[in-house]
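> can't give you the sequence, but here's the structure:
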């Protein structure tokens with residue numbers, strides 16, 4: 001596909017004054033005020049012409065990428081170009097080389113300049129158990145439209161974990177699991193899920209007999225599946241992924257987050273590389289922790305949780 005591109009340039013013989021850089025910007029890659037683009041620039045679809053990329057999860061779940069913005073990018077570029085474009089306040093693909101674009105993207109993410117990453121958006125269609133959806137909706141920076149059980153009967157779809165995923169309560173994390181329960185307890189839990197799923201027959205029967213759907217749905221367990229369309233910009237997707245791909249997140253939502261990340265990685269590979277280097281696989285040190293490293297003394301706190309977190313960081317750093 002070919003399309004006409006806008007060319008932005010200054011009037012002949014004129015130039016725009018450059019503002020004085022602030023101290024915080026001195027070390028940053030110097031952005032150009034405008035960039036020139038050929039009159040005609042070949043464009044490619046970041047999804048390769050597909051209307052949907054889908055990954056199945058569990059028995060009934062899925063993550064599907066249904067759209068991206070920008071959808072069309074200059075040939076030889078990825079959607080990362082939109083981040084560079086916004087940072088340089090330019091029109092079109094610009095004249096910078098790919099390696100220079102990479103350096104700017106990495107600088108922006110490393111120094112938490114977030115606005116350019118909001119110029120890239122992804123829209124997903126997702127099916128997941130209600131208990132996962134209720135965790136997910138806590139991330140309030142997306143546009144969401146969910147299947148309505150007030151309008152429609154929920155399909156007969158329930159989440160059933162494999163025996164090896166039935167975890168016992170963690171002693172150190174009140175909201176998480178740790179290790180597996182014994183086989184007998186796991187089987188008892190699956191029998192409980194059987195009884196909960198049997199309520200579906202009563203749900204549909206009472207709905208057919210006239211009970212309002214908005215009330216009838218209240219008998220269903222949170223293992224029932226819902227689905228929604230979820231649209232979010234890249235900056236906030238990275239925040240979601242940094243929390244939900246973390247080993248402390250619930251296993252089931254980690255699987256969804258990983259599937260989502262695998263889909264966007266080929267569309268914004270430079271940004272994802274920087275995300276892994278500076279967020280996902282990085283470490284935040286507190287003022288107390290920095291002081292402990294400098295002085296070689298114990299962490300100056302009596303808080304057990306803070307001390308435990310410092311012990312984990314020291315082990316990772318090999319201190």
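Arrived safely. It should be emphasised that the depicted structure is a prediction, and the values quoted were computed from it without experimental measurement.

> Quick one: the helices in the stretch 101-250 of the chain, in order.
For the stretch 101-250 of the chain, applying DSSP state H, counting those that start in this stretch gives helices covering 130-136, 183-197, 199-208, 213-216, 234-244.

> got a list of contacts for the fourth one?
When contacts are taken as Cβ atoms under 8 Å, 6 or more residues apart in numbering, the neighbours of helix 213-216 outside the stretch itself are 149, 150, 151, 152, 153, 203, 206, 207. The way it works is simple: take the backbone N, C-alpha and C, and place the C-beta from them, glycine included.

> how distant is stretch 213-229 from the center of its chain?
Chain-centre distance of stretch 213-229: 24 Å, with Cα atoms, centre = their mean, to the nearest Å.

> just for the stretch 1-150 of the chain, where's the confidence low?
Scanning the stretch 1-150 of the chain for pLDDT under 70 picks out 1-40, 90-99.

> same thing but 90
1-41, 88-101 (pLDDT under 90).

> Show me where it has its strands.
2-4, 40-45, 53-57, 61-69, 72-74, 121-129, 143-146 (DSSP state E, counting those that start in this stretch).

> before we move on, the earlier item: for residue 139, state which of the contacts of helix 213-216 is nearest.
residue 149 (21.7 Å; Cβ to Cβ).

> List the contacts of the closest one.
Applying Cβ under 8 Å, 6+ apart, the residues near residue 149 are 213, 214, 217, 226.

> Could you dump those into JSON lines with pLDDT added?
JSON lines is the format used below for these (pLDDT from 0 to 100):
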{"residue": "213", "pLDDT": "96"}
{"residue": "214", "pLDDT": "96"}
{"residue": "217", "pLDDT": "96"}
{"residue": "226", "pLDDT": "97"}
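
> Of those, grab the buried ones for ChimeraX.
Buried residues among the contacts of residue 149 (16 or more other Cβ atoms under 10 Å), as a ChimeraX selection:
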select :213,217,226
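
> can I get the contacts of residue 149 in a markdown table with distance to residue 136?
Output for those, formatted as a markdown table (distance: Cβ to Cβ, whole Å):
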| residue | distance to residue 136 |
| --- | --- |
| 213 | 23 |
| 214 | 22 |
| 217 | 19 |
| 226 | 10 |
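
> just checking, residue 85 touches residue 119?
Yes. With contact defined as Cβ atoms under 8 Å, residue 85 reaches residue 119; the gap is 7.4 Å.

> So between those two, which is more surrounded?
Neighbour tally, residue 85 and residue 119, criterion other Cβ atoms under 10 Å: the higher count belongs to residue 85, 22 against 19.

> sorry, back to before: deepest in the core, which of the strands of the stretch 1-150 of the chain is it.
strand 121-129 (a mean of 21; mean count of other Cβ atoms under 10 Å).

> Show me what it is packed up against.
strand 61-69, strand 225-233, helix 234-244, helix 251-264 (3 or more Cβ pairs under 8 Å, 6 or more residues apart in numbering; DSSP states H and E).

> list the helices and strands the longest one packs on?
Yep, that's helix 251-264 we're talking about. strand 53-57, strand 61-69, strand 121-129, helix 130-136, helix 234-244.

> Residue 288: which of the ones you listed is closest?
helix 234-244 (22.3 Å).

> any idea of the mean pLDDT for the closest one?
Helix 234-244 shows a mean pLDDT of 97.

> how much distance is there from that helix to the middle of the chain?
4 Å.

> List the contacts of residue 147.
Residue 147 neighbours (Cβ under 8 Å, 6+ apart): 154, 226, 227, 228.

> Ok, residue 224 next?
By Cβ under 8 Å, 6+ apart, the neighbours of residue 224 are 129, 130, 154, 157, 158, 200.

> try 6 Å this time
130, 154, 158 (Cβ atoms under 6 Å, 6 or more residues apart in numbering).

> Would you check that the last one makes contact with residue 196?
If I follow you right, that is residue 158. No. Counting by Cβ atoms under 6 Å, residue 196 is not a contact partner of residue 158; they are 7.7 Å apart.

> So those two - more neighbours on which side?
Counted by other Cβ under 10 Å, residue 158 and residue 196 do not tie: residue 158 has more neighbours, with 21 against 16.

> Tell me how far that one lies from residue 101.
46 Å (Cβ to Cβ, to the nearest Å).
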